[in-house]
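# Pasting the sequence and the predicted model now:
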Amino acid sequence: MIYLLITADDFGKSPETNRAIKIGTEEGMLTSASLMVVGDKWEEAVEIAQEKDMDIGLHVSLTEGKGIFLNKRMDISPSLRGFSAQFCKKTISWIEKEISLQIKRLALTGLSFSHVDSHHHIHIHPRISKVLLRICKEYGIKSIRLPYEPWHISSPICNTHYLRNLFYMLTFSCLSRRLARGIRSAGLISADGVFGLYKTGEITEDWLLLLLERLQGVEGVFEIYLHPEDKRNSPGYNELKSITSPKVMDKIKEIGAKLIGFSDLIPISLKK
């Protein structure tokens with residue numbers, strides 16, 4: 001059996017993102033959304049999530065948005081943030097406080113959430129993942145995204161940015177193995193893999209149909225994550241169209257996949 005989590009990231013980042021996620025929930029196949037509580041429109045996202053009773057996770061951000069602990073913008077590239085985290089104890093100290101405060105902010109909204117991922121997958125960094133895993137365990141969070149994309153499945157249908165994707169494959173595969181061990185040691189769970197890394201910001205209806213065709217007959221739990229926007233002529237608009245596509249929904253039924261939310265992960269993992 002194949003189970004699919006269809007997740008929209010960056011919930012709370014902008015009005016266009018919030019509108020797209022609302023549409024994807026009402027009219028499409030979104031099963032969850034990751035809420036960025038340091039985004040400019042995070043409170044609006046909370047209202048939408050409450051209204052629609054959405055399956056919500058925390059989209060930890062250390063590279064964009066207004067930080068809670070530092071009380072200032074955190075806009076910086078993931079590579080620079082990772083470099084600083086690796087060699088500066090002061091950076092890791094405020095990151096630990098920032099992650100805790102972001103979890104507390106989401107918890108105080110009253111929304112129920114059981115999973116965590118991060119903006120730009122910054123939690124794949126070993127020092128940051130160590131902090132995040134410990135905090136997740138403290139707060140009773142059950143699931144964390146493992147940003148591992150099966151190369152043998154998606155590389156044949158990712159025909160652009162080959163060198164970049166090869167770099168992603170080598171880097172993320174190596175770091176994901178380490179993170180996977182940490183997830184198991186902490187007693188947390190994750191999907192068996194994700195799709196969207198090699199097509200970040202470029203997912204279309206046609207690509208989703210190709211991916212689903214390649215997933216036919218595969219067993220496991222997989223997450224497809226996107227960044228939809230209700231803004232014409234933007235890459236996110238194509239992603240919004242892909243998750244509201246009748247063709248894609250029909251294909252999901254055709255291959256016998258079951259759509260699930262993160263709240264369904266625990267009972268499924270217990271069956272394995």
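Ah, there it is.

# Could you pull up the contacting residues of Glu205?
For Glu205, the contacting residues are 238, 241-242, 245, 247-248, by CB atoms under 8 Å, 6 or more residues apart in numbering. Any C-beta I mention is one placed from the backbone N, CA and C, and that applies to glycine too.

# change it to 10 Å
Applying CB atoms under 10 Å, 6 or more residues apart in numbering, we find Glu205 in contact with 238-239, 241-248, 251.

# which one among those gets closest to Lys90?
Closest approach between these and Lys90, by CB to CB: Glu239, at 37.2 Å.

# Give me the neighbour count for the closest one.
Neighbour count of Glu239, defined by other CB atoms under 10 Å: 28.

# for Lys41, same thing?
Neighbour count for Lys41, taken as other CB under 10 Å: 19.

# try Pro78
Neighbours of Pro78 under the rule other CB under 10 Å: 17.

# Backbone dihedrals for the closest residue to it other than its chain neighbours, please?
In space, and not counting its chain neighbours, Pro78 is closest to His120: 4.2 Å by CB to CB, 6 or more residues apart in numbering. Main-chain dihedrals, His120, degrees, to the nearest 10: phi 60, psi 20.

# Also Val221?
The phi/psi pair for Val221 (degrees, to the nearest 10) is phi -110, psi 120.

# returning to what we had before: surely the residue nearest to Pro78 meets Arg81?
Yes - at 8.3 Å, His120 counts as touching Arg81 under the criterion of CB atoms under 10 Å.

# Can you check which residues contact both of the two?
Counting by CB under 10 Å, 6+ apart, the residues touching both His120 and Arg81 are 62-64.

# what helices or strands is whichever strand or helix holds Arg19 leaning on?
Here Arg19, judged by DSSP states H and E, is contained in helix 15-27. On a contact count with 3 or more CB pairs under 10 Å, 6 or more residues apart in numbering; DSSP states H and E, helix 15-27 meets strand 2-11, strand 32-35, helix 42-52, strand 220-226, helix 235-243.

# Now that helix: average pLDDT?
With pLDDT averaged residue by residue, helix 15-27 scores 98.

# just the CA coordinates of that helix, formatted as CSV?
Extracted in CSV, the C-alpha atoms of helix 15-27 (Å, rounded to 0.1, in the frame of the first residue of the first chain):
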residue,chain,number,x,y,z
PRO,A,15,-1.4,36.5,1.8
GLU,A,16,-0.9,34.7,-1.6
THR,A,17,0.5,31.6,0.1
ASN,A,18,-2.4,31.6,2.7
ARG,A,19,-5.0,31.9,0.0
ALA,A,20,-3.4,29.1,-2.0
ILE,A,21,-3.3,26.7,0.9
LYS,A,22,-6.9,27.5,1.8
ILE,A,23,-7.9,26.7,-1.8
GLY,A,24,-5.8,23.5,-1.9
THR,A,25,-7.5,22.3,1.3
GLU,A,26,-11.0,23.2,0.1
GLU,A,27,-10.8,22.2,-3.6
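
# so who does the spatially closest residue to Thr244 that is not a sequence neighbour touch?
The shortest distance from Thr244 to any non-neighbouring residue, by CB to CB, 6+ apart, is to Gly28 (3.8 Å). Contacts for Gly28 were tallied using CB under 10 Å, 6+ apart; they are 6, 8, 20-21, 228, 240-246, 248-249.

# Out of these, who's the most crowded?
Result: Ile21 is most packed of these (other CB under 10 Å), 35 neighbours.

# Not counting sequence-adjacent ones, nearest residue to that residue?
Excluding its sequence neighbours, the residue lying closest to Ile21 (CB to CB, 6+ apart) is Ala8, at 4.6 Å.

# does that neighbour really touch Ile243, like I thought?
Yes - if you go by CB under 10 Å, Ala8 and Ile243 touch, sitting 7.7 Å apart.
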